[in-house]
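> turn this into a model:
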Amino acid sequence: MQATADSTKMDCVWSNWKSQAIDLLYWRDIKQTGIVFGSFLLLLFSLTQFSVVSVVAYLALAALSATISFRIYKSVLQAVQKTDEGHPFKAYLELEITLSQEQIQKYTDCLQLYVNSTLKELRRLFLVQDLVDSLKFAVLMWLLTYVGALFNGLTLLLMAVVSMFTLPVVYVKHQAQIDQYLGLVRTHINAVVAKVQAKIPGAKRRAE
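Below you'll find the model as predicted:
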């Protein structure tokens, strides 16, 4: 019963995160998505110009400058107005931010599930349990060698972030046309895969 309850909680948490991510990527709250998108772009552009240590240091200095300035401003304002409102960040200082043992265990179990699933899939591909799937993986890795020669990791990450925040909206606006072209591409790929399976002996046969 406890395991079932924990699984249900994890599903609820994952569903909540998934719903929030979809709302962000589809720009359902333009202000919130704009802030997140802009923050990601600013961070990635900063990393292309400075080292990770410099970016972290500059961000920390900017945050400290803002909080210290606000603290001094509120202190002076209280002294002039002769009020005693207390610490301006009192509500945040008293906010509980620690993770409980249950939360840590929940996230650890979720991470363990994804790691195990990834390891099993990699084992299946590298040990050629399915020849066609392993060939597809090999072709993908071969294509990535050319991508890696053209772009560095940060550039690829920047392109991925821009695509994440633009492609879903474009797809919603032009869904019919995109689905039509994707269907043609999928049909062509399936035809090529079928020809490969027909020419390679035992391609459909899985390892015992």
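> what residue ranges in this protein score low on pLDDT?
1-16, 200-208 (pLDDT under 70).
> C-terminal to the longest helix anywhere in it, what's the next element?
Longest helix in the chain, counting residues (DSSP state H): helix 52-81. Using DSSP states H and E, the helix or strand that follows helix 52-81 in sequence is helix 90-93.
> could you list the buried residues of whichever helix or strand comes after that next one?
Remark: after helix 90-93, the chain's next helix or strand is helix 101-126, criterion DSSP H and E. Within helix 101-126, the residues that qualify as buried are 106, 124-125, counting by 16 or more other Cβ atoms under 10 Å. Where you see a C-beta, it was placed from the backbone N, CA and C, and this is true even at glycine.
> quick one: residue 184 from residue 168, how far?
21 Å (Cβ to Cβ, to the nearest Å).
> pull the contacting residues for the residue sitting furthest away from the middle of the chain.
In terms of distance from the mean C-alpha position of the chain, residue 82 ranks first, at 48.5 Å (Cα atoms, centre = their mean). By Cβ atoms under 8 Å, 6 or more residues apart in numbering, the contact set of residue 82 is empty.
> so what's the residue count around the nearest residue to residue 125 once chain neighbours are set aside?
Excluding the flanking residues, the one nearest residue 125 by Cβ to Cβ, 6 or more residues apart in numbering is residue 137, at 4.7 Å. Neighbour count for residue 137, taken as other Cβ atoms under 10 Å: 17.
> between helix 101-126 and the one helix or strand residue 137 maps to, find me the angle.
Secondary structure assignment for residue 137, by DSSP H and E: helix 131-150. Angle of helix 131-150 versus helix 101-126, following axes from the mean of the first three to the mean of the last three Cα atoms, to 10 degrees, is 100 degrees.
> in stretch 150-170, what counts as buried?
158, 161, 165.
> okay, that stretch in PDB with CA atoms only?
Taking Å, rounded to 0.1, in the frame of the first residue of the first chain, the C-alpha atoms of stretch 150-170 are listed here in PDB:
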ATOM      1  CA  LEU A 150      30.100  22.400 -36.800                       C
ATOM      2  CA  PHE A 151      28.800  23.500 -33.400                       C
ATOM      3  CA  ASN A 152      30.100  23.400 -29.800                       C
ATOM      4  CA  GLY A 153      28.000  22.200 -26.900                       C
ATOM      5  CA  LEU A 154      26.900  25.700 -25.800                       C
ATOM      6  CA  THR A 155      25.800  26.600 -29.400                       C
ATOM      7  CA  LEU A 156      23.800  23.400 -29.600                       C
ATOM      8  CA  LEU A 157      22.200  24.100 -26.200                       C
ATOM      9  CA  LEU A 158      21.300  27.600 -27.200                       C
ATOM     10  CA  MET A 159      19.700  26.200 -30.400                       C
ATOM     11  CA  ALA A 160      17.800  23.600 -28.400                       C
ATOM     12  CA  VAL A 161      16.400  26.300 -26.000                       C
ATOM     13  CA  VAL A 162      15.300  28.500 -28.900                       C
ATOM     14  CA  SER A 163      13.700  25.500 -30.600                       C
ATOM     15  CA  MET A 164      11.900  24.500 -27.400                       C
ATOM     16  CA  PHE A 165      10.300  27.900 -27.000                       C
ATOM     17  CA  THR A 166       9.500  28.500 -30.700                       C
ATOM     18  CA  LEU A 167       8.700  25.200 -32.400                       C
ATOM     19  CA  PRO A 168       5.600  24.200 -30.300                       C
ATOM     20  CA  VAL A 169       4.000  27.500 -31.100                       C
ATOM     21  CA  VAL A 170       4.800  27.200 -34.800                       C
END
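> no more questions from me, cheers.
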